[in-house]
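*Asks:* coords below, sequence missing:
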């Protein structure tokens, strides 16, 4: 059976006449964490908050749209959305989304936090987000945890490995096909034929709307999905095959070029 659950006050309010945020989350603090889980997808229509928001897909893929950008994120990303910035989000497939909402005086220092962007999500940051969801912990402990998380966010690097999603309907279909099956071996010509446009038009659309050629875009999609497979505990050889590489050595080389370390080293550093 298709199921979904939400603790997000925006989505709750969309389905009720009125929802009090403090009551809905059992908290009167100036920050709180929500959890959304689904097995078929969960969509949040365009909206904005009076609070800052940090969005993290603990499992699955998260598509976020803000400021005219449509990005596809994985668990190595956290999306920073300042208060009053309109945004839209979709949790795809079997996934889990955790969101930290905090009053604006608590935001990290620096001009970059006045604008939405994506930061690197370390394993410690993920652990702290989950820790903050536990309302049974003493308030002083929760405050210190939140302060540590804020410090980590403040010093986190901006992630540039997010996938920009094309807006054109036919190119978007191709993008969804490749994200759903990173091992897809269809050529540019075959993918263009699938959506009934010319290969030249498809190639130009990807460059114009994502900033990358279809080949580079597909390569990044494969690398991003490989992180999910590594997190699931698959052997490097299985991961390579699962994202469409014909040899394990070519996958390891491409992974090192993309992330600066081997798949095994990445798993030890970030996924354990």
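*Replies:* Received the coordinates, thanks. On a predicted model such as this, the values are computed, not experimentally measured, just so you know. Numbers count the residues shown, from 1 in each chain.
*Asks:* make it CA atoms for all contacts and neighbour counts henceforth
*Replies:* Noted.
*Asks:* give me the buried positions along whatever helix or strand residue 127 lives in.
*Replies:* For residue 127, the element it lies in under DSSP states H and E is helix 123-132. Residues of helix 123-132 classed as buried: 125-126, 129-132 (neighbour count, 16 or more other CA atoms under 10 Å).
*Asks:* who are the packing partners of that helix?
*Replies:* If you count contacts as 3 or more CA pairs under 8 Å, 6 or more residues apart in numbering; DSSP states H and E, helix 123-132 packs onto strand 31-38, strand 87-102, helix 139-155.
*Asks:* show residues contacting stretch 232-251.
*Replies:* Defining contact as CA atoms under 8 Å, 6 or more residues apart in numbering, one finds that stretch 232-251 is touched by 181-185, 222-223, 225-226, 229-230, 252, 263-264.
*Asks:* which helices and strands does the helix or strand encompassing residue 216 pack with?
*Replies:* Counting by DSSP H and E, the element that carries residue 216 is helix 214-231. Counting contacts by 3+ CA pairs under 8 Å, 6+ apart, helix 214-231 packs against strand 163-164, helix 169-180, helix 199-210, helix 236-242, helix 263-270.
*Asks:* dump the helices and strands packed on helix 123-132 into CSV; add mean pLDDT, mean neighbour count and distance to residue 52 as well.
*Replies:* Compiled in CSV, the helices and strands packed on helix 123-132 are given as follows (pLDDT from 0 to 100; neighbours: other CA atoms under 10 Å; distance: least, CA to CA, whole Å):
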stretch, mean pLDDT, mean neighbour count, distance to residue 52
strand 31-38, 92, 21, 9
strand 87-102, 91, 21, 5
helix 139-155, 95, 16, 12
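*Asks:* export the ones you listed to JSON lines and tack on distance to residue 258?
*Replies:* Converted to JSON lines, these look like this (distance: least, CA to CA, whole Å):
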{"stretch": "strand 31-38", "distance to residue 258": "30"}
{"stretch": "strand 87-102", "distance to residue 258": "24"}
{"stretch": "helix 139-155", "distance to residue 258": "21"}
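*Asks:* OK, contacts around residue 120?
*Replies:* Counting by CA under 8 Å, 6+ apart, residue 120 makes contact with 76-78, 156-159.
*Asks:* right, and out of the residues you listed, which lies closest to residue 35?
*Replies:* Here the nearest of these to residue 35, counting by CA to CA, is residue 78; it sits at 14.3 Å.
*Asks:* next one: phi and psi at the closest one?
*Replies:* As for residue 78, its main-chain torsions (degrees, to the nearest 10) stand at phi -130, psi 130.
*Asks:* for it, which non-adjacent residue is spatially closest?
*Replies:* Once flanking residues are discounted, residue 78 sits nearest to residue 56: 4.8 Å by CA to CA, 6 or more residues apart in numbering.
*Asks:* any idea how far residue 126 is from the one you found?
*Replies:* Residue 56 is 8 Å from residue 126, where distance means CA to CA, to the nearest Å.
*Asks:* same check on residue 228?
*Replies:* Separation of residue 228 from residue 126 (CA to CA) stands at 15 Å.
*Asks:* and what of residue 43?
*Replies:* Separation of residue 43 from residue 126 (CA to CA): 22 Å.
*Asks:* next one: residue 39
*Replies:* Residue 39 sits 21 Å away from residue 126 when distances are taken as CA to CA.
*Asks:* residue 186 too?
*Replies:* Residue 186 is 36 Å from residue 126, by CA to CA.
*Asks:* and if you look at residue 86?
*Replies:* For residue 86, the distance to residue 126 (CA to CA) stands at 24 Å.
*Asks:* next: residue 66.
*Replies:* Noted for residue 66: a distance of 23 Å to residue 126, by CA to CA.
*Asks:* low pLDDT regions in this structure?
*Replies:* Residue ranges of the chain with pLDDT under 70: 1-4, 10-28, 272.
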